[in-house]
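K.L.:
Sequence and predicted structure are below.
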Amino acid sequence: MAETKHTHIVEIPVDEEHLQKSSSTNMVSLSSAIQHHPLMEISNSPGHLLLLKLWQREEDLYGRRMARKETRLDSIKGEIFQLCCSFLLFQGFFLTLLFTSSVRSDHVLVCKKWWIPSLVSVSTSAVFVFLVQVKLYRLWKVWNQLQRERNDNRAVSRCIQELRMKGSSFDLSKEPLSCGGGKRMKSSSVEIKWKPVTWCCQYLVTILLVCFAGLVFPASKLILCYF
């Protein structure tokens, strides 16, 4: 015997007036939230909007400057590498030429004039060392400028973020350096404390070149007089 299934449909009455009130309430709350949003407050305040645009422009300028300085650093590093390679090639060619001349010439006559090639080697090495030192000085000067601009850019970025979060309650008299200037003072004090060690690390290439040139100087006499 087949069972009969009955489907019950429940109709929920919809009050159009209630829906209209609910939607209007939501719209009012949404518009109120938009009005009180920090970005909307900034757009309604000419002073805060102008400050935001100025800081954004300054942040963009810092980014361009840092990109140019990074390119300059890479260029200087390449120039230093080329100078070091030229220095090593010269010393290798000089020692080879010196050894060849000592083999083919009279040891007594050549040994008396050992200071001439040594003087040539020292003079040429001094030129290379001077050029490398100038490039290193420029390298670290640009690097320090890059670090300062990175710190300033971070400070501006912090102030922009703080301005976007606070909106019209942000203090217009606040400067970017006040948003993140404490770390720079701390790092500068550490740098002053360890200045000799920092200088040796920065100009380590120059020190190595001077040491190598100092070894080549007595090597000239050794090659000419004992080989």
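P.N.:
Happy to help now that I have it.
K.L.:
Please make it C-alpha for all contacts and neighbour counts, starting now.
P.N.:
Fine.
K.L.:
Can you list the buried residues in stretch 213-227?
P.N.:
Ala213, Val216, Phe217, Ala219, Ser220, Lys221, Ile223, Leu224, Cys225 (16 or more other CA atoms under 10 Å).
K.L.:
Now do the helix or strand that the third one is a member of: which elements does it pack against?
P.N.:
The one in question is Phe217. According to DSSP states H and E, Phe217 maps onto helix 204-226. When contacts are defined as 3 or more CA pairs under 8 Å, 6 or more residues apart in numbering; DSSP states H and E, helix 204-226 sits against helix 46-104, helix 107-112, helix 115-166.
K.L.:
go again using 10 Å as the cut-off
P.N.:
helix 46-104, helix 107-112, helix 115-166, helix 195-202 (3 or more CA pairs under 10 Å, 6 or more residues apart in numbering; DSSP states H and E).
K.L.:
Centre of the chain to that helix, how far?
P.N.:
36 Å (CA atoms, centre = their mean, to the nearest Å).
K.L.:
For it, the averaged confidence score.
P.N.:
The pLDDT scores in helix 204-226 average 86.
K.L.:
angle of that helix against helix 115-166?
P.N.:
170 degrees (axes from the mean of the first three to the mean of the last three CA atoms, to 10 degrees).
K.L.:
May I have helix 204-226 exported as PDB, CA atoms only?
P.N.:
Listed next in PDB are the C-alpha coordinates belonging to helix 204-226 (Å, rounded to 0.1, in the frame of the first residue of the first chain):
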ATOM      1  CA  LEU A 204      91.500  46.600   3.500                       C
ATOM      2  CA  VAL A 205      92.200  46.400  -0.300                       C
ATOM      3  CA  THR A 206      94.600  49.300  -0.100                       C
ATOM      4  CA  ILE A 207      96.400  47.700   2.800                       C
ATOM      5  CA  LEU A 208      96.800  44.400   0.900                       C
ATOM      6  CA  LEU A 209      98.100  46.200  -2.200                       C
ATOM      7  CA  VAL A 210     100.700  48.100  -0.100                       C
ATOM      8  CA  CYS A 211     101.800  44.900   1.600                       C
ATOM      9  CA  PHE A 212     102.200  43.100  -1.800                       C
ATOM     10  CA  ALA A 213     104.200  46.100  -3.200                       C
ATOM     11  CA  GLY A 214     106.400  45.900  -0.100                       C
ATOM     12  CA  LEU A 215     107.100  42.300  -0.800                       C
ATOM     13  CA  VAL A 216     108.000  42.900  -4.400                       C
ATOM     14  CA  PHE A 217     110.600  45.600  -3.500                       C
ATOM     15  CA  PRO A 218     113.100  43.200  -1.900                       C
ATOM     16  CA  ALA A 219     112.100  40.500  -4.300                       C
ATOM     17  CA  SER A 220     113.800  42.500  -7.100                       C
ATOM     18  CA  LYS A 221     117.200  42.300  -5.400                       C
ATOM     19  CA  LEU A 222     116.700  38.600  -4.600                       C
ATOM     20  CA  ILE A 223     115.900  37.800  -8.200                       C
ATOM     21  CA  LEU A 224     118.800  39.900  -9.700                       C
ATOM     22  CA  CYS A 225     121.500  38.800  -7.200                       C
ATOM     23  CA  TYR A 226     120.700  35.200  -6.300                       C
END
